[in-house]
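Student: structure, please.
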Amino acid sequence: MKVALLTDCYLPRLGGIEVQTHDLAAQLVARGHEVEVFTATPGARGERHGVVEGVDGIPVHRMAIRLPWELPVNPLAPPEVRRRLRAGGFDVAHVHMGVVSPFATDLARVALGLGLPTAVTWHCLMERSRPLFRALGHARRWGAKGAALSAVSGVAAAAVQAVVGEGSEVRVLPNGIDADLWAPTSPPLRDPGAPVEVVASMRLAARKRPLAVLEVAEAARQLLPADRAMRLTLFGDGPERGRLEKFVATHQMGDWVTLPGRVDRDRLRESYWRSDVYLTPARLEAFGIAALEARTAGLPVVARADTGVGDFVTDGTEGLLAADDQAMVRGLVDLVSDDAVRRKIATHNRTVAPAQAWPAVVALAESEYRRAGAS
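Tutor: Here you go, the predicted model:
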């Protein structure tokens with residue numbers, strides 16, 4: 001099967017959609033498929049204007065134009081992409097949608113206009129943009145034209161279904177993870193008197209709520225017994241970093257809070273293996289790949305119950321799910337205070353692989369392609 005992956009954003013940009021589409025392409029190739037990527041993201045050396053660049057063996061059509069801040073937008077791309085899709089002998093197109101995806105939206109229209117079987121996956125929650133999506137009506141029209149519609153989690157799929165209506169089924173096509181890469185080889189060795197290590201990882205942007213990580217951790221620490229120490233490490237970088245540093249200084253948290261910045265995957269994984277709890281207070285989390293990585297690395301996860309994290313964390317089994325920040329404080333206190341509960345959850349997470357391992361996810365993607373073809 002020859003697959004065209006259509007996405008606003010792709011490597012070298014770093015983010016959830018970028019990494020997931022890259023990894024999906026690699027997984028599809030490993031299953032014997034041929035894959036090409038069409039993106040409005042320029043290459044590492046500024047490749048754009050339709051240049052085809054090889055990235056890890058995958059042809060990437062760089063349909064970017066020169067715009068301020070390298071915005072992944074190109075309203076001039078559809079005619080040339082239409083020509084390339086028609087000439088390329090593709091069997092299916094897979095469109096990857098974010099919160100606002102003008103390039104992917106244009107290319108979904110192009111693929112369906114060519115009569116190409118088309119799958120569309122949303123990587124976002126539509127909560128804030130639902131009125132706009134409903135007014136524009138393109139998701140509903142795509143479903144009516146036979147596109148196989150999906151989203152990365154149950155809550156994300158429900159939001160898309162509410163926009164699309166009953167005429168088309170919106171299924172769940174989750175993000176995937178290399179479970180063997182993240183799974184620890186052995187239980188961590190713990191000094192009984194050492195502080196409990198809490199870790200978080202995210203882009204330091206307001207939408208991810210990094211300040212809430214500090215607020216929840218600080219409130220939890222105030223409730224802990226005097227003989228129970230806790231440390232927090234928050235990985236990541238972004239526009240909120242200065243605000244976080246000011247909060248740490250103002251609340252005199254510097255002796256137990258560390259902000260190391262962004263680190264590579266290997267260092268992040270090793271940090272997870274040495275830690276005890278993962279904390280993620282994001283509310284607008286369609287999936288939560290960082291939380292899945294932490295869960296696969298053996299960490300109990302404390303998260304909001306109304307997010308995509310609930311697809312791979314069951315309350316009391318892989319972690320604790322909370323209705324609001326106050327409940328997150330209580331959940332964090334419980335995990336830091338109760339060694340037995342924390343170890344029970346950690347043992348489960350170390351020994352039971354998540355359902356979102358790549359072999360299962362890529363099989364679901366193939367199923368979506370067959371569904372698009374049948375339509």
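
Student: hey, what's residue 53 bridged with?
Tutor: Beta-bridge partners recorded for residue 53 (DSSP bridges): residue 60.

Student: what distance do you get for residue 289 to residue 71?
Tutor: 23 Å (CB to CB, to the nearest Å). The way it works is simple: take the backbone N, C-alpha and C, and place the C-beta from them, glycine included.

Student: more neighbours, those two?
Tutor: residue 289 (23 against 15; other CB atoms under 10 Å).

Student: quick check: that one touching residue 17?
Tutor: No. The pair residue 289 / residue 17 is not scored as a contact, 10.1 Å apart, by CB atoms under 8 Å.

Student: in whichever strand or helix holds residue 220, which residues are buried?
Tutor: For residue 220, the element it lies in under DSSP states H and E is helix 210-223. Neighbour-count burial for helix 210-223 flags 210, 212-221 (criterion: 16 or more other CB atoms under 10 Å).

Student: got the residues you listed as CSV, with pLDDT and distance to residue 264 columns?
Tutor: CSV is the format used below for the buried residues of helix 210-223 (pLDDT from 0 to 100; distance: CB to CB, whole Å):
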residue, pLDDT, distance to residue 264
210, 97, 19
212, 98, 25
213, 98, 21
214, 98, 24
215, 98, 28
216, 98, 26
217, 98, 24
218, 98, 28
219, 98, 31
220, 98, 29
221, 97, 29
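
Student: show the average pLDDT along stretch 163-176.
Tutor: Stretch 163-176 carries an average pLDDT of 94.

Student: excluding its backbone neighbours, what's nearest residue 323?
Tutor: Nearest non-adjacent residue to residue 323, counting by CB to CB, 6 or more residues apart in numbering: residue 305, 5.7 Å away.

Student: give me the number of residues near the one you found?
Tutor: Neighbour tally, residue 305, other CB under 10 Å: 16.

Student: walk me through the domains of the protein.
Tutor: Listed by automatic domain parsing, the domain ranges of the chain are 2-176+357-374, 179-351.

Student: how far does the last one stretch from one end to the other?
Tutor: In other words, domain 179-351. In domain 179-351, first residue to last residue: 11 Å (CA to CA, to the nearest Å).

Student: just the longest one next, same as before
Tutor: End-to-end distance for domain 2-176+357-374, by CA to CA: 16 Å.

Student: chain center to it: distance?
Tutor: 15 Å (CA atoms, centre = their mean, to the nearest Å).

Student: any stretches of this structure with poor pLDDT?
Tutor: Applying pLDDT under 70 to the chain flags the ranges 127-136, 375.

Student: would you state the strands of it in chain order?
Tutor: Here the chain has its strands, by DSSP state E, at 2-7, 34-39, 51-55, 58-62, 92-97, 118-122, 148-151, 170-172, 196-201, 230-235, 257-261, 277-280, 301-304, 319-322.
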